[in-house]
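Q: Okay, here's the prediction I keep looking at, along with the sequence it came from:
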Amino acid sequence: GEDVEQSLFLSVREGDSSVINCTYTDSSSTYLYWYKQEPGAGLQLLTYIFSNMDMKQDQRLTVLLNKKDKHLSLRIADTQTGDSAIYFCAETTDTGGFKTIFGAGTRLFVKA
Amino acid sequence: DVKVTQSSRYLVKRTGEKVFLECVQDMDHENMFWYRQDPGLGLRLIYFSYDVKMKEKGDIPEGYSVSREKKERFSLILESASTNQTSMYLCASSTQGRSNYGYTFGSGTRLTVV
C-alpha cells in the first residue's frame, strides 16, 4: 500500500542548513507537499511540488524530488530558531480519489 | 484571511460521554477531513467528505461518526468516549479534483477523556 516515511528527529545549529528527507512508495503520486506544525497548532502548508518537476525554490526553502528513487527533500537555508517545528511530508496520488498520505513528521530542533 | 475553525482548543470529557467536535471552513471547499494525531504515529485519517451529506471512512473510523449537513461544516462525533480516544484532533479542507494544492488545517482540538 501507499506509505510515506521520514526520520523522526533532526537537530541543527542556528545559521546552518537543514535537510529533511522523505521517501514514498506510490509511483502514481501527483503532488508532494511539505507542511510545518508549530507547537500547539495545526499544520501549515509550506510548499508543494508537482510530480513532473524536480526542483522548486521559494526564498529559504528548496524542494528536491527524485522520482526514480521516490525521494523528496526539504532544505532550509540559514535555519533560525523560529524554524523549530515538526515538518510533515505528504503525497497525493491518482489512486483512491486523490487521497493524501502523510508521513509521521520530522521534529526539527534548532540550537542557538 | 481564509481559515478552518475548530470550535474548541481543549476539551476534557468523561468516559462514556457523547462528544461533538465542530469544524467550519470559509473557503467554499468541497473536501473536508478529520484526522487524529498521536506522538510517533503521525496523522491518521478518521473520516472524510467530498460533498454535502456524503461521508467516507478513513483508516481508523471505529468509535467515530461524522455529519456534513452544510458545505462549510463537518462534525466529528465520538458516540461513547473512551480513554484511548484521548488525542489531538485536526480538521482540514481542500478543493476537489486534480487542482489539489494541499490542505488547509484548523488549529486542532486537544481532547482528554478521563
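A: Looks like it came in fine. Residues are numbered from 1 along each chain as shown, chains lettered A, B, ... in the order given.

Q: So, low pLDDT: which residues of chain B?
A: B:1-2, B:97-100 (pLDDT under 70).

Q: Get me the contact residues on it for chain A.
A: B:4, B:35, B:40-43, B:45, B:50, B:90, B:92, B:94, B:97-98, B:100-108 (Cβ under 8 Å from any Cβ of the partner chain). Bear in mind the C-beta positions are built from the backbone N, C-alpha and C, glycine included.

Q: In which helix or strand does the residue nearest the centre of chain B reside?
A: The residue lying closest to the centre of chain B (Cα atoms, centre = their mean) is B:Trp34, at 2.7 Å. Applying DSSP states H and E as the criterion places B:Trp34 in strand B:31-38.

Q: With adjacent residues omitted, what lies nearest to A:Phe50?
A: In this structure, A:Phe50 finds its nearest non-sequential neighbour in A:Tyr31, 6.1 Å apart by Cβ to Cβ, 6 or more residues apart in numbering or on different chains.

Q: Give me the distance between A:Ser7 and A:Lys68.
A: Using Cβ to Cβ, to the nearest Å, A:Ser7 is found at 21 Å from A:Lys68.

Q: more neighbours, the two?
A: A:Ser7 (13 against 7; other Cβ atoms under 10 Å in any protein chain shown).

Q: Torsion angles phi and psi at A:Tyr87?
A: Dihedral pair for A:Tyr87: phi -110, psi 130, per degrees, to the nearest 10.

Q: How about it: which residues does it bridge to?
A: For A:Tyr87, the beta-bridge partners are A:Lys36, A:Thr106 (DSSP bridges).

Q: List the residues that contact residue 9.
A: No chain was given, so I picked chain A. A:106-107, A:109 (Cβ atoms under 8 Å, 6 or more residues apart in numbering or on different chains).

Q: wrong one, chain B
A: B:Arg9 neighbours (Cβ under 8 Å, 6+ apart): B:107-110.

Q: What count of nearby residues applies to A:Glu5?
A: 13.

Q: near chain B, which residues of chain A show up?
A: So far as Cβ under 8 Å from any Cβ goes, chain A lies against chain B at A:8, A:30-31, A:33, A:35, A:40-45, A:48, A:88, A:90, A:92, A:97-100, A:102-105.

Q: In ChimeraX, select just the buried ones from the residues you listed.
A: Entered in ChimeraX, the line below selects the buried ones among these, by 16 or more other Cβ atoms under 10 Å in any protein chain shown:
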select /A:31,33,35,41,42,43,44,45,48,88,90,92,98,99,100,102,103,104,105
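
Q: Indicate each strand paired with the helix or strand that comes right after the strand holding B:Trp34 and its parallel or antiparallel sense.
A: Using DSSP H and E, the helix or strand that follows strand B:31-38 in sequence is strand B:42-49. If you go by DSSP bridges, strand B:42-49 pairs up with strand B:31-38 (antiparallel), strand B:56-57 (antiparallel).

Q: Which of those strands has the highest mean neighbour count?
A: strand B:31-38 (a mean of 23; mean count of other Cβ atoms under 10 Å in any protein chain shown).
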